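Student: can you look at this prediction? I've put the sequence above it.
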Amino acid sequence: MLRIINTGLFYSLLSTWTMFWFIFCCVSLPLLPANRRHRVIVKPWCHTALFLSKHLCGVNYQVIGAENIPDSPGVIISNHQSAWETFFLQTIFTPQTQVIKRELLAIPFFGWTFRLLNPIAINRKDVRGSLKTIISKGTTLLQKGNWILIFPEGTRKPYGKLGKYSSGGAALAINAAKQIVPVAHNAGKVWPSYQWLKNPGTITVVIGQPIDTTDKNHKQLSNELHAWTEQQLADIDN
C-alpha cells in the first residue's frame with residue numbers, strides 16, 4: 001500500500017513540477033542559444049525527477065566507469081529498459097540531443113517543447129530514410145558540440161532481455177569520425193518497463209571506455225556493442 005501511495009505522490013509532484021517547467025520553457029527556450037537549452041532546461045527537470053524517485057520511491061543508483069566519459073562529445077549507445085535512463089543520461093552528458101520517434105513531437109506541450117531542443121526525429125517505418133536522417137542531422141549536431149543519445153533497441157525491453165541493436169548509432173559515429181561511449185544498466189529491475197509502480201532498489205549503470213570508430217564497419221561495431229552490453233548486464237546481475 002505504501003508503495004502505491006509513494007508512486008502516486010511521485011507522479012503528482014512530477015506533474016506539478018512539469019507544468020511550471022513548461023511555462024518556464026515557453027518563455028525562456030526561444031531566447032536561449034541552442035547550445036545552452038539542454039543545460040538550462042533539460043538537466044534541472046531531470047535532476048528533479050531523479051530526486052523525487054529516490055526520496056519517494058526509493059530508486060537509488062550507482063555509476064561504474066564515470067571516469068570513462070571523454071571531454072569531447074560523441075555518440076552514446078545505451079540499452080533501453082525504462083523511462084529512468086532517459087532522465088539519468090541527460091544529467092551526465094550535456095549538451096545533448098537524442099534520436100526519437102517522430103510521433104513524440106505531436107504530443108501536446110511535451111512534443112512542442114521537445115521540438116525546440118532539436119531532437120533527431122525519425123519515422124521508424126522508413127528504415128532507410130531514418131538512417132539518412134540520423135547520419136546527416138546527427139553529424140551536424142556532433143560537429144556543433146552536442147552528445148547524441150541513441151537507444152539502438154528502438155523501444156524499451158523488459159528487464160532481463162536485450163533486443164537486437166540497429167546499426168544507426170554506429171553508422172553515425174563512423175560517418176562523423178566520433179567516439180562511441182557504450183552504456184549498460186539494469187533500470188528495468190527497479191523501474192519496470194510500462195509499469196506504473198516503482199520498486200525500491202539500486203540501479204547499476206556501467207559506462208564503458210570510449211570506442212574509436214576509425215576504420216570500423218557499422219554492422220560489426222553494432223554487434224560488438226550488443227555483445228559488450230550483454231556481458232555487462234550479466235555481470236551486474238551476478
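Tutor: Okay, I see it. Residues are numbered from 1 along each chain as shown.

Student: pLDDT-wise, which helix or strand of the protein ranks last?
Tutor: Within the chain, confidence by mean pLDDT, DSSP states H and E is lowest for helix 110-115 among all helices and strands, at a mean of 69.

Student: so how many other residues sit close to Ser130?
Tutor: Ser130: 21 surrounding residues under other CB atoms under 10 Å. Every C-beta, even on glycine, is put in place using the N, C-alpha and C of the backbone.

Student: that one is in contact with Ile120, isn't it?
Tutor: No: between Ser130 and Ile120 there is no contact under CB atoms under 8 Å: 9.2 Å.

Student: using PDB, list the CA coordinates for the strand or helix carrying Phe87.
Tutor: Taking DSSP states H and E as the definition, Phe87 sits inside helix 84-92. Written as PDB, here are the backbone C-alpha positions of helix 84-92 (Å, rounded to 0.1, in the frame of the first residue of the first chain):
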ATOM      1  CA  TRP A  84      14.500   6.200 -15.800                       C
ATOM      2  CA  GLU A  85      17.600   6.100 -18.000                       C
ATOM      3  CA  THR A  86      16.200   8.700 -20.300                       C
ATOM      4  CA  PHE A  87      16.200  11.100 -17.300                       C
ATOM      5  CA  PHE A  88      19.500  10.000 -15.900                       C
ATOM      6  CA  LEU A  89      21.600  10.100 -19.000                       C
ATOM      7  CA  GLN A  90      20.500  13.700 -19.600                       C
ATOM      8  CA  THR A  91      22.300  14.700 -16.300                       C
ATOM      9  CA  ILE A  92      25.800  13.400 -17.100                       C
END
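
Student: packing partners of it?
Tutor: With contacts taken as 3 or more CB pairs under 8 Å, 6 or more residues apart in numbering; DSSP states H and E, helix 84-92 sits against helix 43-57, strand 59-64, strand 75-78, strand 96-101, strand 180-185, strand 201-207.

Student: just put those in JSON lines and tack on distance to Ser166, mean neighbour count and mean pLDDT.
Tutor: Shown next, in JSON lines, are these (distance: least, CB to CB, whole Å; neighbours: other CB atoms under 10 Å; pLDDT from 0 to 100):
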{"stretch": "helix 43-57", "distance to Ser166": "25", "mean neighbour count": "17", "mean pLDDT": "92"}
{"stretch": "strand 59-64", "distance to Ser166": "25", "mean neighbour count": "16", "mean pLDDT": "96"}
{"stretch": "strand 75-78", "distance to Ser166": "10", "mean neighbour count": "26", "mean pLDDT": "97"}
{"stretch": "strand 96-101", "distance to Ser166": "10", "mean neighbour count": "21", "mean pLDDT": "83"}
{"stretch": "strand 180-185", "distance to Ser166": "14", "mean neighbour count": "26", "mean pLDDT": "98"}
{"stretch": "strand 201-207", "distance to Ser166": "21", "mean neighbour count": "20", "mean pLDDT": "97"}
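
Student: so which of these comes closest to Leu162?
Tutor: Taking CB to CB, strand 180-185 is the member of those nearest to Leu162, at 9.1 Å.

Student: that older thread, CSV for the helices and strands packed on helix 84-92, including distance to Ser136?
Tutor: Listed next are the helices and strands packed on helix 84-92 as CSV, based on distance: least, CB to CB, whole Å:
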stretch, distance to Ser136
helix 43-57, 27
strand 59-64, 32
strand 75-78, 14
strand 96-101, 12
strand 180-185, 18
strand 201-207, 27
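
Student: low pLDDT regions in this protein?
Tutor: The chain contains residues with pLDDT under 70 at 29, 108-113.

Student: center of this structure - which residue?
Tutor: The residue lying closest to the centre of the chain (CA atoms, centre = their mean) is Thr86, at 3.8 Å.
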